[in-house]
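Student: Structure, please.
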Amino acid sequence: RRKKMAYQQPPPTGGYGQPPPQQGYGQPPPQQYGAPPPGQPPPTGGYGQPPPQQGYGQPPPPQQNNQLWSWFQAVDADRSGQIDEHELQRALSNTGTQFSIEAAKLMIKMFDRSRNGKIGFDEFQQLHGYITQMQQAFQACDKDRSGYLSHQEVHQAVASSGYQLGQATFNALMQKFDRSRRGQLSLDGYIELCCFLGTARNVFAAYDTQRTGQVPFTFDSFVYATNLLHA
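Tutor: Sure thing, here's the model as predicted:
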């Protein structure tokens with residue numbers, strides 16, 4: 001349907017010392033899921049704080065979705081109140097959409113506030129809402145209803161979400177998440193890319209306390225930040 005895209009592009013002009021575009025990493029989300037930089041206190045209920053446990057045997061509060069609760073319970077085999085990426089993958093399959101284990105890992109990373117590799121029901125609800133939004137954005141950009149977004153369509157979708165990425169950076173991301181090397185992304189690959197960008201934004205925002213779009217990284221803090229992005 002579409003020609004394959006060549007990913008190798010020349011690096012962006014302007015090296016170190018050139019200021020990036022203002023707010024180049026997108027608008028800060030309502031709730032940050034990334035970790036704070038070393039030496040700074042975590043936000044309340046964030047890093048290092050265990051999520052509230054939902055007691056089994058009791059119905060979820062009225063504002064919670066009963067269908068989501070039943071899906072969550074069905075895959076939480078040990079009744080710990082938390083699920084890992086394999087359990088998340090099974091839970092999301094109940095929605096009628098199959099996600100790869102790589103996508104499930106990135107979703108866990110983005111919404112795992114306690115940083116233990118698992119999410120509780122509250123986080124699962126937030127994740128489900130996020131997926132719903134990404135599905136709607138995907139469908140809006142998939143003009144021919146092929147189930148895939150072309151290289152150009154993905155770039156437009158990313159830009160409309162507030163991410164200002166240079167061509168070389170975007171091409172590198174497409175190369176990472178276009179696992180079939182078709183020059184296009186399925187919903188699964190698109191959500192993987194969005195979760196990666198969301199996590200990167202949250203980590204960067206934790207350092208960019210003045211919201212200037214610029215952060216003076218030391219090597220130590222750079223290694224710490226990139227480690228948080230490694231799936």
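
Student: Need the pLDDT of the residue nearest the centre of the chain.
Tutor: Nearest residue to the geometric centre of the chain (Cα atoms, centre = their mean): residue 195, 1.5 Å. pLDDT, residue 195: 89.

Student: Based on its surroundings, how many neighbours for residue 214?
Tutor: For residue 214, the neighbour count with other Cβ atoms under 10 Å is 14. Yep, even glycine has a C-beta here, placed from its N, CA and C like the rest.

Student: Could I get the full set of strands for this protein?
Tutor: 82-83, 119-120, 148-150, 184-186 (DSSP state E).

Student: Mean confidence (pLDDT) on the last one, please.
Tutor: Taken as a whole, strand 184-186 carries a mean pLDDT of 92.

Student: Partner strands of it, with direction?
Tutor: Applying DSSP bridges to the sheet, strand 184-186 is found paired with strand 148-150 (antiparallel).

Student: neighbouring contacts of the partner strand?
Tutor: Strand 148-150 has contacts (Cβ atoms under 8 Å, 6 or more residues apart in numbering) with 1, 2, 138, 141, 142, 157, 182, 183, 184, 185, 186, 190.

Student: mean confidence for it?
Tutor: Strand 148-150 comes out at a mean pLDDT of 93.

Student: what comes up buried for the worst-scoring helix or strand of the chain on mean pLDDT?
Tutor: Lowest mean confidence among the helices and strands of the chain (mean pLDDT, DSSP states H and E): helix 219-229, at a mean of 86. Going by neighbour count (16 or more other Cβ atoms under 10 Å), the buried part of helix 219-229 is 224, 225.

Student: Convert the C-alpha atoms of it to CSV, please.
Tutor: Taking C-alpha atoms only, helix 219-229 is exported to CSV below (Å, rounded to 0.1, in the frame of the first residue of the first chain):
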residue,chain,number,x,y,z
PHE,A,219,26.7,12.6,33.1
ASP,A,220,25.4,11.0,36.2
SER,A,221,21.9,12.4,35.9
PHE,A,222,21.9,11.6,32.2
VAL,A,223,22.6,7.9,32.8
TYR,A,224,20.0,7.9,35.6
ALA,A,225,17.4,9.4,33.2
THR,A,226,18.1,7.1,30.3
ASN,A,227,18.0,4.1,32.5
LEU,A,228,14.4,5.0,33.3
LEU,A,229,13.6,4.9,29.6
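
Student: From the contacts of strand 148-150, list the buried ones, please.
Tutor: Using 16+ other Cβ under 10 Å as the threshold, 138, 141, 142, 157, 182, 183, 184, 185, 186, 190 are the buried ones among the contacts of strand 148-150.

Student: one step back: take the strands of the chain and write them to TSV, including distance to residue 213.
Tutor: TSV is the format used below for those (distance: least, Cβ to Cβ, whole Å):
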stretch	distance to residue 213
strand 82-83	35
strand 119-120	29
strand 148-150	26
strand 184-186	26
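
Student: so which of these comes closest to residue 103?
Tutor: For the strands of the chain, the distance to residue 103 is smallest for strand 184-186, at 10.1 Å, taking Cβ to Cβ.
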